[in-house]
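**Student:** Here is my input; please provide its structure:
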Amino acid sequence: MTLDTQFIRSQFPAFSEPALAGQAFFENAGGSYPCIQVVDRLARFYRERKVQPYAPYAASRLGGEEMDEARTRLSAILGVAEEELSFGPSTTANTYVLAQAFRQWMNPGDAIIVTNQDHEANSGPWRRLADEGFEVREWMMDPETGHLDPADLEALLDEKVRLVCFPHCSNVVGEVNPVTEIAAIAHAAGAFVCVDGVSYAPHGLPNVGDMGADIYLFSAYKTYGPHQGIMVIRRALAKLLPNQGHYFNGDALYKRFTPAGPDHAQIAASAGMADYIEAVAAHHGVTGDTAAARAQGVHDLMRDHEIRLMAPLIEALSARNDVRLLGPRDAARRAPTLAVATQDAGEAVATRLAEHGIMAGGGSFYADRALKGQGIDPAHGVLRLSFVHYTSEAEVARVIDALDAVL
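**Tutor:** Below is the predicted model:
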């Protein structure tokens, strides 16, 4: 079974928008196009239900029901309990709140492990705990390949480590890290696991329940939805950590780590992400007894399509002697987020690509530590070409031709 790209693109208003016509979008790692289901739900909420939710009158009741629907359906897709899923203003904010909870829970001398492969949002809040007297240990990636070796993690673990933080995949390395294997190693040493899924989730929502992560974070605006951070915190850990919300919400697991007031409209619109996944499953004949099973089938369709499209782009970049592709050259081992070190600054190359109708990004992408760890000056930055399952073969061919023209 292959992905029906024509059907997929019909689900995204951007592809029929005159203002975007003639342009190929290769900066999806910064944020994806929203699907029509999300756009429609968001517009409907603002038109019909923009009132305080959960009151007895119809507009309020319906608004609250849509907010609950988003949590119910997305948690089912992710294979976790409804109370284990929370919404927050962003993944950066969610991570900061979690770091404060761990700060209050841990004891002097306890340690946390972070990596230098991370986006700063999943590294900085944890690293700052060193200022509070906790030990922060760094799991270092290979400076040539960007690879995180689980064997190196084992050498860092001991009875002091309370948490291991790492990305499902890096936003500049792209290699998909073996979450289940890493979680098992950390758990065997008595540590919890926090996974930054921001750069992986756009390529298919994972079954978090099967992976073993205690915390899994990602961003709805990168998974075809509104600007919300979504986090899963498994029940056992959530009950250990101190409440960060209003004191009277402490017994509600999904409210314990969201001190900011909920964005009613955007939470409600997030149910459109579930609508989209179900629409893709139905169109392609993907079946399953559970929402998680159907979502896994959609995930596999997306990944197969992306791997097939990545291969010629990786080949084209690997054939050049004037660029350095970061991360693995095996498409099956990585996400289609390809950071390329170029002779000119990454932003300058992205600017030239824009003249050819290619929307790409250049810079450090909040991954300064990861670039430095691979010998790249963040001020020089990299060119980043990132796509998702709605990208077409024709667009990949077009970006290859454009690279030939500008490099």
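**Student:** List the buried residues of the lengthiest helix in the chain.
**Tutor:** Determined from DSSP state H, the single longest helix within the chain is helix 291-318. For helix 291-318, the neighbour count (16 or more other C-beta atoms under 10 Å) marks 291-292, 294-299, 301-307, 309-310, 313-314, 316-317 as buried. Every C-beta, even on glycine, is put in place using the N, C-alpha and C of the backbone.
**Student:** Stretch 185-199 now?
**Tutor:** Those would be Ile185, Ala186, Ala189, Ala191, Phe192, Val193, Cys194, Val195, Asp196, Gly197, Val198, Ser199, for stretch 185-199 by 16+ other C-beta under 10 Å.
**Student:** quick one, strands of the stretch 301-407 of the chain?
**Tutor:** Assigned by DSSP state E, counting those that start in this stretch, the strands in the stretch 301-407 of the chain fall at 323-325, 337-342, 358-359, 361-363, 382-386.
**Student:** chain center to stretch 287-305: distance?
**Tutor:** 18 Å (C-alpha atoms, centre = their mean, to the nearest Å).
**Student:** So that it lines up with my notes, have the first residue be 53 from now on.
**Tutor:** From this message on, residue numbering opens at 53, which makes the last subject stretch 339-357.
**Student:** can you list contacts of that stretch?
**Tutor:** 53-55, 57, 125, 128-131, 255-259, 261, 326, 329-330, 332-333, 336, 338, 440-441 (C-beta atoms under 8 Å, 6 or more residues apart in numbering).
**Student:** Domains in this protein, by residue range?
**Tutor:** 58-85+352-458, 94-326 (automatic domain parsing).
**Student:** In a markdown table, list these along with mean pLDDT.
**Tutor:** Below are the domains of the chain laid out as a markdown table (pLDDT from 0 to 100):
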| stretch | mean pLDDT |
| --- | --- |
| domain 58-85+352-458 | 98 |
| domain 94-326 | 97 |
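**Student:** quick one, what contacts the nearest residue to Pro105 once chain neighbours are set aside?
**Tutor:** Nearest non-adjacent residue to Pro105, counting by C-beta to C-beta, 6 or more residues apart in numbering: Gly116, 3.7 Å away. By C-beta under 8 Å, 6+ apart, the contact set of Gly116 is Pro105, Tyr106, Ala107.
**Student:** relative to helix 343-370, how tilted is the helix or strand harbouring Gly116?
**Tutor:** Element membership for Gly116 (DSSP states H and E) is helix 110-130. Orientation check (axes from the mean of the first three to the mean of the last three C-alpha atoms, to 10 degrees): helix 110-130 against helix 343-370 gives 70 degrees.
**Student:** Would you mark the buried spots in helix 110-130?
**Tutor:** In helix 110-130, counting by 16+ other C-beta under 10 Å, buried: 112, 114-116, 118-123, 125-130.
**Student:** Stretch 289-306 too?
**Tutor:** Using 16+ other C-beta under 10 Å as the test for burial, stretch 289-306 gives Leu289, Ala290, Leu293, Asn295, Gln296, Gly297, Leu305, Tyr306.
**Student:** Surely the fifth one touches Gln152?
**Tutor:** In this case it means Gln296. Yes: look at Gln296 against Gln152 with C-beta atoms under 8 Å: they come within range, at 6.3 Å.
**Student:** With adjacent residues omitted, what lies nearest to Val332?
**Tutor:** Val350 is the one closest to Val332 (C-beta to C-beta, 6+ apart), at 4.9 Å.
**Student:** Please report how far that neighbour lies from Asp315.
**Tutor:** 26 Å (C-beta to C-beta, to the nearest Å).
**Student:** What of Ala304?
**Tutor:** From Ala304 to Asp315 the distance is 17 Å (C-beta to C-beta).
**Student:** Repeat that for Asp183.
**Tutor:** 31 Å.
**Student:** Look at the two and report which has more neighbours.
**Tutor:** A count of neighbours by other C-beta atoms under 10 Å puts Asp315 above the other of Asp183 and Asp315, at 17 against 9.
**Student:** Could I get the contacting residues of the more buried one?
**Tutor:** Taking C-beta under 8 Å, 6+ apart, one finds Phe139, Pro141, Pro278, Gln280 in contact with Asp315.
**Student:** Let's see which of the residues you listed end up in strands.
**Tutor:** Secondary structure assignment by DSSP state E places Phe139 of the contacts of Asp315 in strands.
**Student:** Okay, and Val216 sits in which element?
**Tutor:** Here Val216 is assigned to strand 213-219, by DSSP H and E.
**Student:** just checking, next helix/strand downstream of that strand?
**Tutor:** helix 231-240.
**Student:** just the angle between that next one and strand 213-219, please?
**Tutor:** 170 degrees.
**Student:** Gln169 in helix, strand or coil?
**Tutor:** Three-state call for Gln169 (DSSP: H, G, I helix; E, B strand; the rest coil): coil.
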